[in-house]
Each structure stands twice: as C-alpha cells, then as structure tokens.
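*Asks:* just a sequence and a predicted model for now, questions to come.
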Amino acid sequence: MIRVVIDANVFVGAILKPNSNPDKVIDLVKQGRITLALSHDILAEIRKVLLYPKIRKELKLTTKEIREALAQIAEAAIITSGRVRLQAIESDSDDNRYLECAVEAQGDFIISGDRHLKDLKSFQEIKIVDSATFLAFIEKLDAE
C-alpha cells in the first residue's frame, strides 16, 4: 500500500474546504486506500495550526473537538518514533520533520503545498507533490 506523509496545511485545507483536493486525499486515508504516516512533531504542528484564532473561528470547533479529531487522525496513522533527524531544508528547518517522518516510515510520497518541500521534488526516492498531482497519480493507478 502507498505510504504518505501529509503536510499540516493539507489537513487544514481539507477541513476548511470540503470536496477540495486536500479533502479528497484525506478521504483516501479514511477509505484505507493509502497509509498515513505521522510523527509527534507533525501532530503538534497540526494542533498548533488548528488552534490559531483565525482558523478556530472559521472551523467553529472547541479545543476538545480539535483534540478528538487529532486523536482520530493519529489512530489511523503509523506514528514514527522521531529517531531520524535531517537538515535537508535550511531555509525552513521545520519542514525537515516531513522528510524525517517519510524516511523513517519508508514513505512513498510527501503531500504538501509548501514550496520548500515541493522545490525538492523528491528526497531519497520519496516523491514530493501537491494534492492535485497525487490525486492524478492515484487516478492513473485506478485506470490501469
């Protein structure tokens, strides 16, 4: 099964925009068609972003509901130990957490809209793509 690491902004985009490409990627995880890999650092970043006042206001979710949603995400994922440490992206070192997780989980894709990640295009044979590109890949697989 395809293993993916998903950027926090893709999660937020999925929540804020139902039926968007990020939402369709999350649906693939929910359907069990792809395997999600996360680290504790990535979960912390998702929590932090979801708790931004502007995002919370838009979501209309309580802190408890956000925690419960994160618990559901974590339950569906492989959680890496965080032993792998990399410094591949110097301009935004926080983005290294996605590379670390993908390497440790032996991931196939990192799905992100972040230019620091996307500019790499790949890292140790892990493809780095946006949601639309990943969905096109899945559609092509389905057609075969």
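*Replies:* Looks like it came in fine.

*Asks:* hey, where'd the strands end up in the chain?
*Replies:* If DSSP state E is used as the criterion, the strands of the chain fall at 3-6, 35-38, 77-79, 109-111, 122-123, 126-129.

*Asks:* mind checking which of those is nearest Lys57?
*Replies:* Checking those against Lys57 by C-beta to C-beta gives strand 3-6 as the closest, at 23.5 Å. Where C-beta positions appear, they are placed from N, C-alpha and C, glycine not excepted.

*Asks:* could you pull up the mean pLDDT of that closest one?
*Replies:* For strand 3-6, mean pLDDT is 98.

*Asks:* ok, now stretch 20-39?
*Replies:* In this model, stretch 20-39 has a mean pLDDT of 95.

*Asks:* in it, which residues are buried?
*Replies:* Residues 20-26, 28-29, 34-39 are the ones in stretch 20-39 that count as buried (16 or more other C-beta atoms under 10 Å).

*Asks:* what's the end-to-end length of it?
*Replies:* The first residue of stretch 20-39 is 24 Å away from its last residue (C-alpha to C-alpha, to the nearest Å).

*Asks:* just stretch 103-122 next, same as before
*Replies:* Stretch 103-122 has its terminal residues 11 Å apart, counting by C-alpha to C-alpha.
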